[in-house]
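Novice: pasting the structure only:
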């Protein structure tokens, strides 16, 4: 035996004496007790690597463990550090790894793995996309392929997100930017320009304060290439040429919330919000859409607790959201949090769409170029945004829009201006074209906001209530009787309809339980639901001065037909038509005030 082999054996013996454990050439593990060897297991294992995963909020530690038994090498397993001591992870090696019986043997095996693991390497992985400050490298942008602007930065994504893969260095910049600009010409500009501006907003998400508070929504009938458009937009962020592993409304809420958190400064597409045959399925999709849209708007997630009840933080969305669907979400407040892009037959050119699909790989290079440019301008972007945002928002308020929509306009215009500054610096478009595109964007964004205001108003709960009430009266399913005269000739609605209240010259006195039950039955028959609880809806009516309030109570006592009844007292306004004047309450003509044909 040469001197080198003798030295190695001596070193092993020293280690064995120091640790109190030994193993033979077959991998059998022993515990040393004096001159005796007590068999612990038929395998020997050691920790080869300590792995740290950093998602920006939590840091997760795990071990990579390698083993050997019966002369064979066991596959490396990776386990959370918190689960190491239990040794329950041994099942991953199947029945090949066997611990000898004994109450303390498992603990000795755990101890031997720790003390005999030498030369352990450490590695840190980032587990999210987007911007991150890395020591000595400043700001870098993380993708599945590494870091744009950084060296030796390791990332790790789950399988379904590994397509978020950008080159770490810009390639063919001018050609790539022109390929991206060609998206503007595949259809009507009121469709393409807002969507194109939206993708350049995504990499700015966490750099802006406040962060963007709305989501994009492509809506149209089936067969209008909604998903194809979404894939072209997604192709700016990675390898997206098919719908494989694309998020959809069959995913769980937890899965979507985690992806929204992981895809920082990037774009999450949730595809195919479609009609459902079963009411339960429709309600599930609606609830999911409402929840995820509000999460992106409010930038918040559900609180989470560890097993010891300590706070684990929240999975709040950190990028931007794009939904495609045949239907659009309801509820007025949710509509104010989305930017709907409606597509009709003929709005998109199939030939031009096919042409840009042949250049999908170039779109990744365009985004890499843009992100590289942002990295060199992060400080001025962060400093200039608050003042510019307020300026754009105040300018947008001059339009007749919903109060939330000017912020959408401001975010989109800022993103468009930022992208055009990048394109200008690279000399891809002339200054007159850039100026024209910026102005065109402003006009389109404000027009979209005006249309969205009209859509929001159609979902107004008071308007919805009045529409339902008018329908029920017209169909004769309800009746409203004269407060003082029970005669049939003075009934509004159907004689056989459900009694929901009374009227006189100036007011409707509707009975709350009967009214609310009637509303619920109507919505149930339509496969929908009234979007507010009754108490919240009554407060809305009071704040809009549609009902009389007494002592801050919305339901008030009124003397009707010889007894006190608790009612919602609706007021109206006098209107005129060719036969005279009448009192209009909730869109219902309750009694003529005067009539030229009568004395």
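Specialist: Good, I have the coordinates. In this text the structure is predicted, and so the values were computed from the model without any measurement.

Novice: list the helices and strands the helix ranked longest in the chain packs on?
Specialist: Longest helix in the chain, counting residues (DSSP state H): helix 431-458. Helix 431-458 is packed against helix 189-201, helix 332-335, strand 338-343, helix 378-396, helix 405-425, with contacts defined by 3 or more Cβ pairs under 8 Å, 6 or more residues apart in numbering; DSSP states H and E. Just so you know, the C-beta spots here come from the backbone N, C-alpha and C atoms, and that holds for glycine as well.

Novice: pipe the ones you listed into JSON lines and attach distance to residue 37, mean pLDDT and mean neighbour count per row.
Specialist: Formatted as JSON lines, the helices and strands packed on helix 431-458 follow (distance: least, Cβ to Cβ, whole Å; pLDDT from 0 to 100; neighbours: other Cβ atoms under 10 Å):
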{"stretch": "helix 189-201", "distance to residue 37": "66", "mean pLDDT": "98", "mean neighbour count": "22"}
{"stretch": "helix 332-335", "distance to residue 37": "70", "mean pLDDT": "80", "mean neighbour count": "19"}
{"stretch": "strand 338-343", "distance to residue 37": "70", "mean pLDDT": "95", "mean neighbour count": "20"}
{"stretch": "helix 378-396", "distance to residue 37": "62", "mean pLDDT": "96", "mean neighbour count": "14"}
{"stretch": "helix 405-425", "distance to residue 37": "69", "mean pLDDT": "97", "mean neighbour count": "22"}
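
Novice: about what we covered before: same for the next helix or strand after the longest helix of the chain, what does it pack against?
Specialist: Counting by DSSP states H and E, the element after helix 431-458 in chain order, helix or strand, is helix 461-475. Under the contact criterion of 3+ Cβ pairs under 8 Å, 6+ apart, helix 461-475 touches strand 478-482, strand 492-493, helix 512-526, helix 534-543, strand 588-595.

Novice: so can I have TSV of the helices and strands packed on helix 431-458 showing distance to residue 128?
Specialist: Compiled in TSV, the helices and strands packed on helix 431-458 are given as follows (distance: least, Cβ to Cβ, whole Å):
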stretch	distance to residue 128
helix 189-201	18
helix 332-335	27
strand 338-343	24
helix 378-396	18
helix 405-425	21
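
Novice: out of those, which comes closest to residue 484?
Specialist: Among these, helix 332-335 comes nearest to residue 484, with 37.6 Å by Cβ to Cβ.

Novice: roughly how far is that closest one from the heart of the chain?
Specialist: Taking Cα atoms, centre = their mean, to the nearest Å, one finds helix 332-335 lying 15 Å from the centre of the chain it belongs to.

Novice: do stretch 533-549 as well
Specialist: 32 Å.

Novice: check stretch 200-218 too.
Specialist: That offset, for stretch 200-218, works out to 11 Å (Cα atoms, centre = their mean).

Novice: end to end, how far does that stretch reach?
Specialist: 17 Å (Cα to Cα, to the nearest Å).

Novice: what comes up buried for it?
Specialist: Across stretch 200-218, burial judged by 16 or more other Cβ atoms under 10 Å covers 200-208, 211-212, 214-218.

Novice: out of the helices and strands packed on helix 431-458, which comes closest to residue 556?
Specialist: Short answer: helix 332-335, nearest of the helices and strands packed on helix 431-458 by Cβ to Cβ, at 26.6 Å.

Novice: indicate which one of the helices and strands packed on helix 461-475 is closest to residue 224.
Specialist: Residue 224 lies closest to helix 512-526 among the helices and strands packed on helix 461-475, at 25.8 Å (Cβ to Cβ).

Novice: list of residues touching the closest one?
Specialist: Outside helix 512-526, the residues within contact range by Cβ atoms under 8 Å, 6 or more residues apart in numbering are 465, 468, 471-472, 477-478, 498-501, 529-530, 534, 538, 555, 566-568.

Novice: of the residues you listed, grab the buried ones for PyMOL.
Specialist: Selection command for PyMOL covering only the buried members of these, criterion 16+ other Cβ under 10 Å:
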select buried, resi 465+468+472+477+478+498+500+501+530+534+538+555+567+568
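
Novice: and for stretch 185-198, what's in contact with it?
Specialist: 180, 183-184, 216, 218, 229, 233, 320, 322, 339, 341, 343, 347-349, 352-353, 355-356, 412-413, 415-416, 419, 437, 440-441, 444-445, 447-448.

Novice: ok now that stretch, how far from the chain's centre?
Specialist: Centroid separation between stretch 185-198 and its chain, computed with Cα atoms, centre = their mean, is 22 Å.

Novice: next: stretch 84-93.
Specialist: 36 Å.

Novice: is it correct that residue 364 is in contact with residue 167?
Specialist: Yes - contact criterion Cβ atoms under 8 Å: residue 364 and residue 167 qualify, at 6.2 Å.

Novice: how about the nearest residue to residue 59, chain neighbours excluded?
Specialist: Leaving out its chain neighbours, the residue that sits closest to residue 59 by Cβ to Cβ, 6 or more residues apart in numbering is residue 52, at 6.1 Å.

Novice: got the buried residues for the strand or helix carrying residue 559?
Specialist: Assigned by DSSP H and E, residue 559 belongs to strand 556-560. For strand 556-560, the neighbour count (16+ other Cβ under 10 Å) marks 556, 558, 560 as buried.

Novice: and it, what does it pack onto?
Specialist: Going by 3+ Cβ pairs under 8 Å, 6+ apart, strand 556-560 lies up against strand 563-571.

Novice: tilt between the strand it packs on and helix 461-475?
Specialist: Relative orientation of strand 563-571 versus helix 461-475 (axes from the mean of the first three to the mean of the last three Cα atoms, to 10 degrees): 110 degrees.

Novice: before we move on, which element is the residue sitting nearest the centre point of the chain in?
Specialist: Of all residues in the chain, the one closest to the mean position by Cα atoms, centre = their mean is residue 292, 4.2 Å from it. Assigned by DSSP H and E, residue 292 belongs to helix 279-298.

Novice: coming back round to it: so which of residue 364 and residue 167 has more stuff around it?
Specialist: Taking neighbours as other Cβ atoms under 10 Å, residue 364 and residue 167 compare with residue 364 leading, 22 against 18.

Novice: for that one, which non-adjacent residue is spatially closest?
Specialist: Looking at residue 364 with Cβ to Cβ, 6+ apart, the closest residue is residue 166, at 5.4 Å.
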